[in-house]
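Participant: Give the three-dimensional model of this entry:
(one chain, ligands or ions: 1)
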Amino acid sequence: MRVNDPISSSHHRHLVPEGAALSHGGRLRAAAMAVGRPLSDWLDLSTGIHPIGWPVPPVPPSCWQRLPEEEDGLEAAARDYYGCPTLLPVAGSQAAIQALPRLRECSRVALLAPGYGEHAAAWRGGGHQVRSIDALHRPAAVTQALERALDAVEVLVLIQPNNPTGLRCPPEQLLAWHQRLADRGGWLIVDEAFMDATPEQSLAQQSARPGLIVLRSLGKFFGLAGARVGFVLAEPALLARMRALLGPWTLSTPARWLAEQALRDRVWQQETRAGLSAAGARLAALLSRYHLPPSGGCGLFAWVRTERAPLLWQQLARQGILTRLFVEPPSLRFGLPGDEAAWQRLEYALSGCVLGAGD
Ligand SMILES: Cc1ncc(COP(=O)(O)O)c(C=O)c1O
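Facilitator: Prediction:
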């Protein structure tokens, strides 16, 4: 499957550093250079990162001087927030995605495509056998395909909600699949990077069950992608192996300090949840008005399938709006505009794009 963007797939290929395996949203500097528009003149909608994010206060100077300490309260704050007994902080959930394949002997792994491509890359890179299951069918058909694949794999990786399609499987279904895998020493890995707006659908509270591994991120809902903070929620034995693999001090002291404050800020979390569901609905309505009804998404992004995705990507980029282009299937992902001016700028840009019903 090709999931790519024009920055790496066209004449701008030279902007991609040697060895860069996968393209992602958020490469605003590369886009600015490629299109020749100053960085400050862009609206970046290419990620699912909350555009406002948790308001970071000044970091106490001692944070820069002291080594990270496990007794600083971060783990306790995270256990309270996720409602789970055991977890391990990691430098972004990406760190866990890359480490997990190294904690198993060669296995057969199923995952959905399209999905966040780093999972498949990590398992393939670790010498495992990866089978992609088409996530583009109706949810019931995807569930059936997963059901059929389950007995032929040891590991199932699911992103809940899926990025970019937004597909979610009911928690009871996931737990039933987990049980089948765990009975023969297998794993269910649930990447809940985009789950914070809907905690009632999370498997965090069940994550101490052997063979169930839940990944969480502070990069999306909290908007702290640059701090590189994530968590692995799993049984203690697996966490101990991952801790040994990753070594000490995976998170910087400033990152630990601000993550603890963000996880304890219940008022901000509640307000943000309410705001996100309104903003997500507004984005879907706006796109629909311009004949781009989303095929999926979650509160933090909308995913639009259209044959004209590459053209539309260019038209928007020419107006300084960066979206995330997927080549196969042709589609665009739109993150949330962060303020009224950004909403209006997106609307104005869409109104200038050549679009028609049925695109
Ligand atoms: C589904 C999903 N999981 C995990 C990640 C990694 O996020 P982080 O390493 O910032 O926690 C991303 C990043 O885009 C993602 O989309």
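Participant: near the ligand, which residues of the stretch 51-200 of the chain?
Facilitator: 92-94, 116, 159, 163, 191, 193 (Cβ under 6 Å from any ligand atom). (C-beta placed from N, C-alpha, C; glycine too.)
Participant: Restricted to strands, list these.
Facilitator: 159, 191 (DSSP state E).
Participant: Same list as before, the residues of the stretch 51-200 of the chain next to the ligand that is, but in CSV and with pLDDT included.
Facilitator: Output for those, formatted as CSV (pLDDT from 0 to 100):
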residue, pLDDT
Gly92, 98
Ser93, 98
Gln94, 98
Tyr116, 96
Ile159, 98
Asn163, 96
Asp191, 98
Ala193, 98
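Participant: and the residue lying closest to Leu158 once chain neighbours are set aside, how many neighbours?
Facilitator: The shortest distance from Leu158 to any residue other than its chain neighbours is 5.5 Å, reached at Val190 (Cβ to Cβ, 6 or more residues apart in numbering). Residues within reach of Val190, counting by other Cβ atoms under 10 Å, total 26.
Participant: do the same with Tyr348
Facilitator: Neighbours around Tyr348, by other Cβ under 10 Å: 11.
Participant: Which of the helices or strands spans it?
Facilitator: Using DSSP states H and E, Tyr348 sits in helix 340-352.
Participant: send the alpha carbons of that helix over as PDB?
Facilitator: Output in PDB follows, covering the C-alpha atoms of helix 340-352 (Å, rounded to 0.1, in the frame of the first residue of the first chain):
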ATOM      1  CA  GLU A 340     -11.900  31.600  14.100                       C
ATOM      2  CA  ALA A 341      -9.400  33.100  11.600                       C
ATOM      3  CA  ALA A 342      -8.200  29.600  10.800                       C
ATOM      4  CA  TRP A 343     -11.700  28.300  10.300                       C
ATOM      5  CA  GLN A 344     -12.500  31.200   8.000                       C
ATOM      6  CA  ARG A 345      -9.300  30.800   6.100                       C
ATOM      7  CA  LEU A 346     -10.100  27.100   5.400                       C
ATOM      8  CA  GLU A 347     -13.600  28.000   4.300                       C
ATOM      9  CA  TYR A 348     -12.300  30.700   2.000                       C
ATOM     10  CA  ALA A 349      -9.700  28.300   0.500                       C
ATOM     11  CA  LEU A 350     -12.300  25.500   0.000                       C
ATOM     12  CA  SER A 351     -14.700  28.000  -1.700                       C
ATOM     13  CA  GLY A 352     -11.900  28.800  -4.200                       C
END
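Participant: what comes up buried for it?
Facilitator: For helix 340-352, burial by neighbour count (16 or more other Cβ atoms under 10 Å) applies to 342-343, 345-346, 349-350.
Participant: re earlier: run through the bridge partners of the residue nearest to Leu158.
Facilitator: Bridge pairing for Val190 (DSSP bridges) gives the partners Leu158, Val214.
Participant: Please enumerate the strands of this protein.
Facilitator: Going by DSSP E, the chain shows strands at 43-44, 87-90, 108-113, 129-134, 155-159, 187-191, 212-217, 230-233, 296-298, 301-305, 321-322, 324-326, 331-335.
Participant: Please see if the last one touches the ligand.
Facilitator: If I follow you right, that is strand 331-335. No - figure legend: strand 331-335 not in contact with the ligand (Cβ under 6 Å from any ligand atom); closest approach 10.1 Å.
Participant: contacting residues for Met242?
Facilitator: 88, 90, 96, 99-100, 103, 232, 234 (Cβ atoms under 8 Å, 6 or more residues apart in numbering).
Participant: Just the residues of the stretch 51-200 of the chain next to the ligand: which are in helices?
Facilitator: Of those, the ones assigned to helices by DSSP state H are 93-94.
Participant: and the top helix by length along the chain, how far out from the chain's middle?
Facilitator: As assigned by DSSP H, the longest helix anywhere in the chain is helix 266-289. Put simply, helix 266-289 sits 17 Å off its chain's centre (Cα atoms, centre = their mean, to the nearest Å).
Participant: Just the angle for it relative to strand 301-305, thanks.
Facilitator: Taking axes from the mean of the first three to the mean of the last three Cα atoms, to 10 degrees, one finds that helix 266-289 is oriented at 20 degrees with respect to strand 301-305.
Participant: Return the distance of the residue nearest to Trp64 when sequence neighbours are not counted relative to Leu283.
Facilitator: Excluding its sequence neighbours, the residue lying closest to Trp64 (Cβ to Cβ, 6+ apart) is Pro254, at 6.5 Å. With distances taken as Cβ to Cβ, to the nearest Å, Pro254 is found 32 Å from Leu283.
Participant: Look at those two and report which has more neighbours.
Facilitator: Per other Cβ under 10 Å, whichever of Pro254 and Leu283 has more neighbours is Leu283, with 23 against 15.
Participant: show me where pLDDT drops low in this protein?
Facilitator: In the prediction, the chain carries residues with pLDDT under 70 at positions 1-21, 354-359.
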